[in-house]
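Participant: After the sequence you'll find the predicted model.
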Amino acid sequence: MVSYSLLSPTFSRQRVKNKAMLCMLLSISWISKFNISFANAFTPSVHSTQISPSSCSFAPPATNDNLIFCHEPLTVLSMSGSEPSTKSEKKKLSRPERKALEREAKEAKSRRSNKGHRHHNFAAHNKEVLSQYNPKKEGPYDLHSQAVSSLNKNSTADDVMRAIKRAQNLHDVHDIANVERFLLEEVDCHFAYGYRGSLLARLAVAALHMSNHDLARKAIEVRKIEHRPAMMPMESAAIIRGLLRVHNATDAIDILNDELSLPLKGTAIDTPEAKDKITHRSLAITSIASRHFFELEPYMAVKACKMLAQMGPIVRNSGLTAKDINIPWKRLLRGAAQCEGERRVGNICPTQVLDDVELPVNLVYSVLNAMTTFPPENRDDVYEILSNALVRRTNFITGAVSMDGMPKADRGEAVFIGRSNVGKSSLVNMVSEFDFIKYANNNKICTYKLLYKFGQISKVTNRKSLAYTSKRPGKTQQFNFFGVNDKIGIEKELRYGDDVPGEKDSDSFYIVDLPGFGFAKVPELQRQRWSDLMAEYLTKRKTIRAVFHLVDARHGPIDEDVKIMRQVGETLPKHATYVVVLTKADKNVKDTNKKSGRVSKDVLNKLRETMRGAKVGNSPVILTSSASKLGRDDIWRYLKLAADL
């Protein structure tokens, strides 16, 4: 505490030599008077508070002329000024600036922790490593690795494998060449208890990764000659993928046909060895197809899909399940959809055109053909990609009550018929899984305003429904035509009559939803008109390619179904395929998940007997469920017939 005697008249000027010291003492005395902390008083801060002697409760005597006192207010710096005179705020960063700072901080942290992506400068690394060795003292099998410095006859298979992996990761040309000389010149086929063949396969994969084709070819040839009995299907599949990575499809297919050939007739295919070979052959063919799809080579990709379709029955007979074989259908579908998109806009110039391969109207259909032969997975994510690739645009075209009101027959047609409340609309929604435009044609004479329920959501892909589903039977009371993959902007032409340029896609077709019979609450005269119109439509419409007759799997065919079967057997032309679809198969399964479906033997026997009586006994039968999405792959297989026209 500073005494006030410093301010007394006896405090002469001559006794104070430093004027700055006097001002500091005065400031300290005022600070102590007003309980201002010393740290706050002399700490730099943004805010400042002015204190003048006139505002204090005490004032030094002003009558003494010898006292030097400054009457100007002193500025005391404070951290907590109540009313700061100057106030500067931090600049608020925008969201892009904040995100940029976060990315920089994340990259800096990744560099410090050495957990980011490794970007090797292989040339500089090899130069640095070679500078540390004296070539004159180096042996023929010495390596740059500190863990495995050299290879000799006492080296183990793990040592060789570690050396190969390190050389591949660092692109060490010196080490990969020494490993090759060691395996081909120093050791024989008995090295590491016969594990030399697997090491050669791994060496070939590493050499292909480093684009050393000569070394890879030597390793593959020696492995094929000296280790054929011990070759493993997994190693052959890895070599095929390595060859595809360097765009060597010819050698990849040769290895596929040689080392992963199809099992001979009469041989057992349910053994573990046969199953392993079948699995890796299927996966290798999938790699060939997907690689060529993404490289915009459709001919070779479609040929590989045909080979994959041939593997389907073999996989089923061997007892392998979809989970065992685990085909990457999603990647295959994405590659086919991408290649098809480039093909539609004319951006594909294939380097190899195969005369024995005919491209489908949509390349995704080649993948679909292979999918239908394999054990079913019924995965929603896979079929969402499939549906989006096959159904890109959809429109309601018209609702017809006569032949004159039907659209022009310029594309294939897939027809859905069946009695009321059998689930036609639900099945159409399950198959399409796409958004359809709500359209109303008020100029047509119809007994129903059209069958749309805007906002109805599909349980699979959360997309709006194509056809209206109702609890009251008989809502469909006209022939409703839905256009799939029509030309862009067709809705303007249908709604407003505009002349829209462009053409429909090559895989465009119609889905036709016919009125239901049986439980529909309509007069008998109206029901007879529907029957006559259907007979005329099936007889005269030359573009019909598939007719799906829906029958309830719980009850089997009833009288109305028998009439439809007889009418189809009498009027359906030979170019159309008649398919019986058993719906609501999940209702017969006492399972809370309802992921499967079944039909009783009595219902199936009754169905077959009725079909033989209607002269359609050789027609295919499909088991479906709109709740569990069962059978949608088989439905698409026959919808393809309409798209191929």
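Facilitator: That came through, no problem. Numbering: from 1, shown residues only.
Participant: what about this structure, any weak spots by pLDDT?
Facilitator: 1-90, 113-139, 421-425, 428-477, 516-522, 588-596 (pLDDT under 70).
Participant: That one - how does it break down into domains?
Facilitator: 4-77, 385-643 (automatic domain parsing).
Participant: in which helix or strand would I find the residue nearest to Ile488 when sequence neighbours are not counted?
Facilitator: Distance criterion CB to CB, 6 or more residues apart in numbering; nearest residue to Ile488, sequence neighbours excluded, is Gly502 at 5.8 Å. Where you see a C-beta, it was placed from the backbone N, CA and C, and this is true even at glycine. Using DSSP states H and E, Gly502 falls within no helix or strand.
Participant: So Gly502 is in contact with Gly489, correct?
Facilitator: Yes. If you go by CB atoms under 8 Å, Gly502 and Gly489 touch, sitting 6.8 Å apart.
Participant: Look at these two and report which has more neighbours.
Facilitator: The residue with more neighbours, out of Gly502 and Gly489, is Gly489; 14 against 11, by other CB atoms under 10 Å.
Participant: Just read off the phi/psi values of the closest residue to that one other than its chain neighbours.
Facilitator: Counting by CB to CB, 6+ apart, Gly489 lies nearest to Val500, which is 4.3 Å off, once chain neighbours are set aside. With angles defined as degrees, to the nearest 10, Val500 sits at phi -100, psi 120.
Participant: Can you report how many residues lie near Val500?
Facilitator: With other CB under 10 Å as criterion, Val500 counts 15.
Participant: any idea how far Val484 lies from Gly631?
Facilitator: Distance, Val484 to Gly631, by CB to CB, to the nearest Å: 19 Å.
Participant: same thing with Asp559?
Facilitator: From Asp559 to Gly631 the distance is 25 Å (CB to CB).
Participant: Direction included, what does the lengthiest strand in the chain pair against?
Facilitator: When the chain is parsed with DSSP state E, its longest strand is strand 544-552. When pairing is defined by DSSP bridges, strand 544-552 lines up against strand 412-418 (parallel), strand 577-583 (parallel).
Participant: now it, how far from the chain's geometric center?
Facilitator: Relative to its chain's centre, strand 544-552 lies at 32 Å (CA atoms, centre = their mean, to the nearest Å).
Participant: Kindly report the same for stretch 631-641.
Facilitator: 22 Å.
Participant: Identify all contacting residues around it.
Facilitator: 360, 365, 368-369, 371-372, 376, 378, 383, 386, 390, 412, 414, 427, 430-431, 509, 511, 545-546, 548, 577, 579, 581, 585, 597, 620, 622-625 (CB atoms under 8 Å, 6 or more residues apart in numbering).
Participant: Kindly export it (C-alpha atoms) in CSV.
Facilitator: What follows is stretch 631-641, C-alpha atoms only, in CSV (Å, rounded to 0.1, in the frame of the first residue of the first chain):
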residue,chain,number,x,y,z
GLY,A,631,-40.1,-63.6,-58.2
ARG,A,632,-39.2,-60.2,-59.6
ASP,A,633,-36.2,-61.5,-61.5
ASP,A,634,-38.3,-64.1,-63.3
ILE,A,635,-40.9,-61.4,-64.2
TRP,A,636,-38.2,-59.2,-65.7
ARG,A,637,-36.9,-62.2,-67.7
TYR,A,638,-40.2,-62.3,-69.6
LEU,A,639,-40.6,-58.5,-69.7
LYS,A,640,-37.4,-58.5,-71.7
LEU,A,641,-39.3,-60.2,-74.5
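Participant: coming back round to it: save the strands paired with strand 544-552 as CSV, and put in distance to His190 too.
Facilitator: Formatted as CSV, the strands paired with strand 544-552 follow (distance: least, CB to CB, whole Å):
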stretch, distance to His190
strand 412-418, 63
strand 577-583, 60
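Participant: Please name whichever of the ones you listed is nearest to Asp188.
Facilitator: strand 577-583 (61.4 Å; CB to CB).
Participant: Which strands and helices lie in contact with the helix or strand just after the closest one?
Facilitator: Toward the C-terminus, strand 577-583 is succeeded by helix 601-613 as the next helix or strand (DSSP H and E). Judged by 3 or more CB pairs under 8 Å, 6 or more residues apart in numbering; DSSP states H and E, the packing partners of helix 601-613 are helix 559-571, strand 577-583.
Participant: now helix 601-613 against strand 577-583, angle please.
Facilitator: Taking axes from the mean of the first three to the mean of the last three CA atoms, to 10 degrees, one finds helix 601-613 and strand 577-583 inclined to each other by 160 degrees.
Participant: For helix 601-613, list every residue counted as buried.
Facilitator: 603-604, 607, 610-611 (16 or more other CB atoms under 10 Å).
Participant: And the residue nearest the centre of the chain, how close does it get to Asp381?
Facilitator: Nearest to the geometric centre of the chain sits Lys330, at 6.2 Å (CA atoms, centre = their mean). According to CB to CB, Lys330 stands 7 Å off from Asp381.
Participant: ok, back up a step: just the buried ones from the contacts of stretch 631-641?
Facilitator: So, by 16+ other CB under 10 Å, the buried ones in the contacts of stretch 631-641 are 360, 365, 368-369, 371, 378, 383, 386, 390, 412, 414, 427, 430-431, 509, 511, 545-546, 548, 577, 579, 581, 585, 597, 622-625.
Participant: If we ignore the residues flanking it in sequence, what's nearest Arg393?
Facilitator: Asn485 (5.6 Å).
Participant: need the strands for this protein, in chain order.
Facilitator: Counting by DSSP E, the strands of the chain are 48-51, 74-77, 394-400, 412-418, 479-484, 509-513, 544-552, 577-583, 621-623.
Participant: Those strands into JSON lines, with extra columns for distance to Leu533?
Facilitator: Below are the strands of the chain laid out as JSON lines (distance: least, CB to CB, whole Å):
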{"stretch": "strand 48-51", "distance to Leu533": "94"}
{"stretch": "strand 74-77", "distance to Leu533": "96"}
{"stretch": "strand 394-400", "distance to Leu533": "9"}
{"stretch": "strand 412-418", "distance to Leu533": "12"}
{"stretch": "strand 479-484", "distance to Leu533": "7"}
{"stretch": "strand 509-513", "distance to Leu533": "12"}
{"stretch": "strand 544-552", "distance to Leu533": "14"}
{"stretch": "strand 577-583", "distance to Leu533": "18"}
{"stretch": "strand 621-623", "distance to Leu533": "26"}
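Participant: Ser236 is nearest to which of those?
Facilitator: For the strands of the chain, proximity to Ser236 was assessed by CB to CB; strand 621-623 is nearest, at 37.2 Å.
Participant: ok, residues contacting that closest one?
Facilitator: Applying CB under 8 Å, 6+ apart, the set of residues contacting strand 621-623 from outside is 553, 579-582, 585, 597-599, 607, 630-631, 634-635.
Participant: Mind doing that once more with 7 Å?
Facilitator: Strand 621-623 is contacted by residues 553, 579-582, 585, 597, 599, 607, 630-631, 634-635 when judged by CB atoms under 7 Å, 6 or more residues apart in numbering.
Participant: out of those residues, which one sits closest to Ile220?
Facilitator: Nearest to Ile220 among these, with distances taken as CB to CB, is Asp634, at 41.3 Å.
Participant: residues near Arg112, how many?
Facilitator: Residues near Arg112, counting by other CB under 10 Å, number 9.
Participant: circling back to that earlier point, turn the buried residues of helix 601-613 into TSV, including distance to Lys99.
Facilitator: Converted to TSV, the buried residues of helix 601-613 look like this (distance: CB to CB, whole Å):
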residue	distance to Lys99
Val603	61
Leu604	61
Leu607	62
Thr610	66
Met611	64
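Participant: tell me which of those residues is nearest to Val353?
Facilitator: Comparing these against Val353 with CB to CB places Met611 closest, at 43.7 Å.
Participant: residues in contact with the residue nearest to Gly489?
Facilitator: 487, 489-490, 492-493.
Participant: ok, now with 6 Å
Facilitator: 489, 492-493 (CB atoms under 6 Å, 6 or more residues apart in numbering).
Participant: Many thanks, have a good one.
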